[in-house]
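A.B. asks: Here's a sequence, model it:
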Amino acid sequence: MNCFLKSFRNKHVDPSGAIALLSLVVALPVVAQQPPLKTLLVGADHRNVTSLNGDWHYLVDQPPARGLYTLEGKVRDNGYGMNTHPNINSGPHNDEYDFPTAPTMKIPGDWNTQDPTLFHYEGVVWFQRDFDFQPKPGTRTFLHIGAANYKSFVWVNQKRICDHEGGFTPFDCEVTSALKPGANFVVVAVDSTRHEDQIPGLGIDWYNYGGIHRDVSLITLPEKFIDDYDVHLKHDATFSAANADTLSGYVHVEGTPAGTAVTVKVPEAGVSTTVKTDAGGRADFEVKAKGLTLWSPETPKLYKVELASGQDALTDDIGFRDIRVDGTKIMLNGKSIFLQGANMHAEAPYRGGRVNTDEDVKNIFAFLKDLNANFVRLCHYPHDERMEREADRDGVMIWSEIPIWQRISYSKPEVYAKATTMLSEMIRRDRNKASVILWSVSNETPNEPTRTKFLTDLANQARMLDSTRPITSALIEPHAKGNQMVQDDPLINALDVVGQNEYVGWYDGKPEDTDTMVWTMPNKPILFSEFGAEAKFGVHGGKNERWAEEQQVNVYEHQFAMINKIPQVRGLVPWVLMDFRSSVRNIPKLQDGYNRKGLFSEKGEKKMAFYLFQKTYKERSVGKAE
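C.D. replies: Numbers count the residues shown, from 1 in each chain. Predicted coordinates for the structure are as follows:
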């Protein structure tokens, strides 16, 4: 298997006629009736699965990673992926590696926090585990990987099954033809090396955790199965609470002929309808519901949605709500809302490392609840799907974005192709999550024409993929001219909601400079998507003493006064909920490798600024919904 022949299939279109994710077929040697399919199974976390989480053997492929790459930079299919063993006594040798005698590491998990020798390592690590499996006739089996950072190469029983680029979105590789009854093994090579033409690129202000850092499982499905669906409250040109009683969307059934029956049921809402697939396997529907309770932070109602076609059936928990922009207002179910939240990286409280357990997620949402927050910006990449599921249940609204951050090769078509793939994977996975109200295409990108076209096209692509949610981006602050701040970035034209990052009082000027500052902003909803200052928990001093908790509070108090003068502001999103690791934060005894702008420390300790926001959010004393 030295090359992959790829072709597009399953071109999905949402109810508004939008293009959705293009699944790729990977042509492998013909050993089964059906070619392996590279797809993305929506609702994978609601399927019956065989978990492959646990202890995996690992080997470090030190640069220049000759175990994975040839001298020409191509992937080697006759190397570690073969999982052979060295014949120490008589030879011949393999490539001098051996998984069974190698140490083990917990998967999901990053390698940086599990092996002290790999704490700063960026490169290739190989993972292997054995598993038993009994194939069932008339089924297809997929290896599901929730995310692995950054490039992944997968072999099952010495056959390369698939590759994936991108560190924060899931992928599903068909392994039907590679599996055999009884003993099997999987080998995954993960390369976390940063390169200029990747997304994100070389420069990032968070920790580059490498590894298979989300769940791994086997999912066995009938030969014809549901791989994608969209069930939402019908999104008309205008919203009327009195008429919010129609559900619409589609179900896609892979491998089925036209005219195949698909049933959609929401028993609690009196919904039961049967529709037929078209030639592409897609079945659109629109159906009346009875007595819908719309999802909101106050009433985070979720309904059991039952989908079935042939031998396949799937149940999901979905909330129904309407989110849109009206002038400078953000409207949820026809009512103006103000977003009170915080930014959060996918950094596990207390233990450190990547968020990937129920406990990690519960800890984060406990922080948000204590803060009186109704919103969280998940920075700067799609987070573990557990986050959206918990937000759905808890009534917390979400901003979700792809990792286009600062230094990206905007002029290269191949980089734009990577961006659209990541965008598609994010939207496809989470479009049924009521908590997700904003798709973001970028953060802090330079204002120049090539970038503006790149991101404008990407914003339009997001609308084509999902016409029911507003599109946003976090912009860099403009340079002050005296006390004047004019935000006129041309990317604003492509956005429904404008995120504004600014750090007056920390990186720029003094806190008091905000007292006379005048902002000229577009006539759109504005979120102050990043603002704040660093303070190390337990460091105290005067209100202008850098790194002191009192200074952090002082910066925020002046910011609040400034923000209250800007009528378009519809949300506060301080940077950041919790201190997080960053390889560029190297002031000893103050940072020690952490960005210290958190309201909480990485150990969950509350800084003085936490109490300021807790009180502000409870009293709703900063900003207005309209």
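
A.B. asks: rest of the way, CA atoms for contacts and neighbours
C.D. replies: OK.

A.B. asks: What are the neighbouring residues in contact with the residue nearest in space to the middle of the chain?
C.D. replies: Centroid-nearest residue in the chain, with C-alpha atoms, centre = their mean: residue 382, separated by 1.0 Å. Residues in contact with residue 382 (C-alpha atoms under 8 Å, 6 or more residues apart in numbering) are 168, 169, 400, 401, 402, 426.

A.B. asks: from the residues you listed, which would you call buried?
C.D. replies: Buried residues within those, counting neighbours by 16 or more other C-alpha atoms under 10 Å: 168, 169, 400, 401, 402, 426.

A.B. asks: isn't residue 347 right up against residue 355?
C.D. replies: Yes. Between residue 347 and residue 355 there is a contact under C-alpha atoms under 8 Å: 5.4 Å.

A.B. asks: any idea how far residue 171 is from residue 178?
C.D. replies: Separation of residue 178 from residue 171 (C-alpha to C-alpha, to the nearest Å) stands at 17 Å.

A.B. asks: again with residue 310
C.D. replies: According to C-alpha to C-alpha, residue 310 stands 24 Å off from residue 171.

A.B. asks: With neighbour numbers in mind, choose between the two.
C.D. replies: More crowded of residue 310 and residue 171, by other C-alpha atoms under 10 Å: residue 171, with 23 against 16.

A.B. asks: re the thing from before, gap between the residue nearest to the centre of the chain and residue 425?
C.D. replies: In terms of C-alpha to C-alpha, residue 382 sits 9 Å off from residue 425.

A.B. asks: residues shared between the contacts of the two?
C.D. replies: By C-alpha under 8 Å, 6+ apart, the residues touching both residue 382 and residue 425 are residue 169.

A.B. asks: before we move on, back to that, redo the contacts of residue 382 as CSV? Include pLDDT and secondary structure.
C.D. replies: Listed next are the contacts of residue 382 as CSV, based on pLDDT from 0 to 100; DSSP: H, G, I helix; E, B strand; the rest coil:
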residue, pLDDT, secondary structure
168, 97, coil
169, 97, coil
400, 98, strand
401, 98, strand
402, 98, coil
426, 97, helix
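
A.B. asks: What are the boundaries of the helices in the chain?
C.D. replies: 358-371, 385-394, 413-430, 449-465, 549-563, 608-619 (DSSP state H).

A.B. asks: Now residue 223: closest residue in space that isn't a chain neighbour?
C.D. replies: residue 139 (4.9 Å; C-alpha to C-alpha, 6 or more residues apart in numbering).

A.B. asks: Check residue 551 too.
C.D. replies: Spatial nearest neighbour of residue 551, excluding adjacent residues (C-alpha to C-alpha, 6+ apart): residue 543 at 4.2 Å.

A.B. asks: ok, the one you found touching residue 558?
C.D. replies: No. Residue 543 is not in contact with residue 558 according to C-alpha under 8 Å; the separation is 11.5 Å.

A.B. asks: on that earlier part again, how many neighbours does the residue nearest to residue 551 have?
C.D. replies: 16.

A.B. asks: One more: residue 619?
C.D. replies: Neighbours of residue 619 using other C-alpha under 10 Å come to 10.

A.B. asks: re the thing from before, closest to residue 458 out of the buried ones among the contacts of residue 382?
C.D. replies: residue 402 (10.8 Å; C-alpha to C-alpha).

A.B. asks: how near is that closest one to residue 443?
C.D. replies: 9 Å.

A.B. asks: where do the contact lists of the two overlap?
C.D. replies: Common neighbours of residue 402 and residue 443 (C-alpha under 8 Å, 6+ apart) are residue 380.

A.B. asks: Now do the strands in the stretch 251-400 of the chain.
C.D. replies: Here the stretch 251-400 of the chain has its strands, by DSSP state E, counting those that start in this stretch, at 261-266, 271-276, 282-288, 303-309, 312-318, 323-326, 329-332, 335-336, 339-345, 375-379, 397-401.

A.B. asks: Throw the ones you listed into a markdown table and include distance to residue 526, thanks.
C.D. replies: Output for the strands of the stretch 251-400 of the chain, formatted as a markdown table (distance: least, C-alpha to C-alpha, whole Å):
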| stretch | distance to residue 526 |
| --- | --- |
| strand 261-266 | 36 |
| strand 271-276 | 38 |
| strand 282-288 | 34 |
| strand 303-309 | 32 |
| strand 312-318 | 28 |
| strand 323-326 | 11 |
| strand 329-332 | 9 |
| strand 335-336 | 13 |
| strand 339-345 | 10 |
| strand 375-379 | 14 |
| strand 397-401 | 14 |
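
A.B. asks: Can you tell me which of these is nearest to residue 58?
C.D. replies: The nearest among those, by C-alpha to C-alpha, is strand 339-345 at 26.6 Å.

A.B. asks: Against which helices or strands is that closest one packed?
C.D. replies: strand 375-379, strand 569-572 (3 or more C-alpha pairs under 8 Å, 6 or more residues apart in numbering; DSSP states H and E).

A.B. asks: so which of those is the most packed in?
C.D. replies: Mean neighbours per residue, mean count of other C-alpha atoms under 10 Å, is largest over the helices and strands packed on strand 339-345 for strand 569-572, with a mean of 26.

A.B. asks: Look up the closest residue to residue 516, ignoring the ones flanking it.
C.D. replies: residue 483 (6.3 Å).

A.B. asks: do residue 591 as well
C.D. replies: Using C-alpha to C-alpha, 6+ apart and skipping residues adjacent in sequence, the residue nearest residue 591 is residue 585, 6.0 Å away.

A.B. asks: Neighbours of that neighbour, how many?
C.D. replies: If we define neighbours as other C-alpha under 10 Å, then residue 585 has 16 of them.

A.B. asks: Surely it touches residue 597?
C.D. replies: No. Applying C-alpha under 8 Å, one finds residue 585 not in contact with residue 597, separated by 11.3 Å.

A.B. asks: Can you verify my assumption that residue 82 contacts residue 185?
C.D. replies: No. Contact criterion C-alpha under 8 Å: residue 82 and residue 185 do not qualify, at 9.9 Å.

A.B. asks: Much appreciated, bye for now.
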